[in-house]
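Enquirer: Model the following, please.
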Amino acid sequence: MKKLIFLLLLLPTLSFGQIIVNQEVVEASPYQVGDTITIKYTLQNLTGQPDFKYFWLRLQYSNKHLQLVPNSTVFVNASTRQTYFYQWVGYRFNQNPNIGVGELNRQLNEGGYQYLVDPNWNIIQLNVQTPTDFPTGEWVRQKFVIKDQLTFNYIHKLDMADARNSANQQKIPIGSQVLQLSLNNVSGASSAVTFRVAFPAGYNIAKHNVQILNVNSDNTPNYNSIVTSVPLDGAGQALLTTLQTGKNYFAQITFASQQSFMNDIVTVVDAYKAFLQISDRGLNLDQNYFTTPIEYKVGNVTLGDNNFDLSDSYNLFAHVMGIDVSQTSAIPTSTSNNTKFYSGKIDTFNQGVFFNGLINIVNPSHTFDFGYAWAGDLDFSHSTPKTITSIANRSNRIEADNRQINTTVTTKLVNGKVVVEIKLEDPNLAGAQYKIRYDVSKLELEEVVFDAGRDITNFSTPRDNAVVFGSIDNIGTAKIKAGMPYKLVFKPKTTISNTTGLVFIEFAEAVAPNGDKIILNIQ
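Expert: The predicted model follows:
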């Protein structure tokens, strides 16, 4: 099927332009879904622009239609130039409507530009600095995979640009003859296999892959026969175009490893939820606190044990209080070797049926919806929400509906020491947890002072340049005393005159007596 590329031309705007940045697809048509295309960017340095040594460009592309190939950004003559590439996932450019869309330098300098959160778009920045005058022609190229969509209108657009000489003087105007790319009549549209994964808002799902395995004669997965492994994009999707129609495969979501966020997966909320189930102190008191099969599976963190029981509750409590339980449990951390991670088709995943990844490609237009979960993540803060049974929305990112309260953090110098005081006025909290980072080159943690109440259990654990601390009810009736339950005292290693930039809160949350998660807003 013949494919045409329609380009948005801005020739009237650029008739008197002096720098023009364009884009074009390198490969000749026709194309189809699943093909890899190369987009190259070119510069024309027209009259009156001597000593032009720096160029900066931001663009956006639809991640519903295109998937950037990792490590495919190639700058021309990169060894003799300073280059920079960065990508922001889930944002789009909000251009100034009073400035011409193709006036790239004015959108930057005069537009008061801003970016809007949009899971369907990604932003890319490209920079080049050269010791000699900037040449004309191609300066960078990138590869993209065409994803499974029905139409491909205006899916790649140049947003803003800046050019400067060695004296940091701007060179203007900057425009484009090929500002936007559209793909039309793409063959194979809606014919590739798409995987979608539901994930909580704020979670970097791109750390995970969809892995496809061949199956044995009895349709069990053959873990020694990996067909392919494709990274999920920022919208929780992956396009696969090499699977054979009519064949069975086994699909699974792979876990991330050695990531810093793994240290914050299991928190005071998860440990308290496990306690409620063990102590049978659910909302109705006479019923189990867990209401879904998936909670029993996720709560089972003890190694060599397939059932949720008291040992799991102990391991979760011990982990939160800073005790090393890596030899007895599969609680995820950035250094853990025994992490439990589950995935499966979402229609049965939340029923606790894991590893149901058998798929059959009846026709090449299939879409498969998957869920995943980390062991111990009983509030599903880093896992597919337990209430999701299908993915029908445009974005696979799920917003949590957690209650929020305020907590006040004050940092001051007292008798030559840095004191951090934390106020928490809510009198009905069964647990709280904070993670504070501090400048270890200037401060040494001396003590954590607790005043959370007589019956509450307190904990504090130093971690590199951070300290995790808080309180938790492990008797079923205790509450954190309202007021100032926590105070941290740091001893300076050098002379300091103020506390600016020395300490900051990285993480804070609490849990209500019924097990509900509460977000703590730092004041």
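
Enquirer: Leaving aside the residues adjacent along the chain, what's closest to the residue nearest to the spatial centre of the chain?
Expert: Closest residue to the average C-alpha location of the chain: Asn204 at 1.8 Å, with CA atoms, centre = their mean. Nearest residue to Asn204, sequence neighbours excluded (CB to CB, 6 or more residues apart in numbering): Phe261, at 7.4 Å. For the C-beta atoms, the positions are set from N, CA and C on the backbone; glycine is no exception.

Enquirer: Which other helices and strands does the one helix or strand Asn153 maps to contact?
Expert: Element membership for Asn153, per DSSP states H and E: strand 152-164. In this structure, strand 152-164 makes packing contacts with strand 19-25, strand 54-62, strand 82-94, helix 104-109, strand 174-175, strand 180-184, judged by 3 or more CB pairs under 8 Å, 6 or more residues apart in numbering; DSSP states H and E.

Enquirer: Quickly compare those and say which is most buried.
Expert: Mean neighbour count (mean count of other CB atoms under 10 Å) peaks for strand 174-175 among the helices and strands packed on strand 152-164, with a mean of 28.

Enquirer: Give the partner strands of that strand in its sheet and their orientations.
Expert: strand 19-25 (parallel) (DSSP bridges).

Enquirer: returning to what we had before: doesn't the residue nearest to Asn204 fall inside a helix?
Expert: Yes. According to DSSP: H, G, I helix; E, B strand; the rest coil, Phe261 belongs to a helix.

Enquirer: how much space is there between it and Val503?
Expert: Noted for Phe261: a distance of 21 Å to Val503, by CB to CB, to the nearest Å.

Enquirer: mind listing the helices in this protein by residue range?
Expert: 11-14, 104-109, 268-279, 293-299, 310-320, 346-349 (DSSP state H).

Enquirer: Check which helices and strands the second one is in contact with.
Expert: Spelled out, that is helix 104-109. strand 152-164, strand 174-175.

Enquirer: which residues touch that helix?
Expert: 21, 57, 95-96, 99-101, 113, 158-163, 170, 172-176 (CB atoms under 8 Å, 6 or more residues apart in numbering).

Enquirer: Apply 6 Å and report the result again.
Expert: By CB atoms under 6 Å, 6 or more residues apart in numbering, the list of residues contacting helix 104-109 from outside reads Gln95, Ile99, Met160, Ala161, Asp162, Ile172, Pro173, Ile174.

Enquirer: and the two most separated of those residues?
Expert: Gln95 and Ile172 (17.4 Å; CB to CB).

Enquirer: contacting residues for Lys247?
Expert: Going by CB under 6 Å, 6+ apart, Lys247 touches Ile361.

Enquirer: run the last query once more with 10 Å
Expert: Asn214, Val215, Val227, Ile359, Asn360, Ile361, Val362 (CB atoms under 10 Å, 6 or more residues apart in numbering).

Enquirer: By neighbours, which of the residues you listed wins?
Expert: With neighbours taken as other CB atoms under 10 Å, the top of the contacts of Lys247 is Ile359, carrying 20 neighbours.

Enquirer: Could you list the low-confidence segments of the stretch 201-350 of the chain?
Expert: For the stretch 201-350 of the chain, the stretches flagged by pLDDT under 70 are 245, 280-287.

Enquirer: before we move on, what about the stretch 351-500 of the chain?
Expert: Checking the stretch 351-500 of the chain against pLDDT under 70 turns up 363-365, 392-395.

Enquirer: I appreciate the help and will end here.
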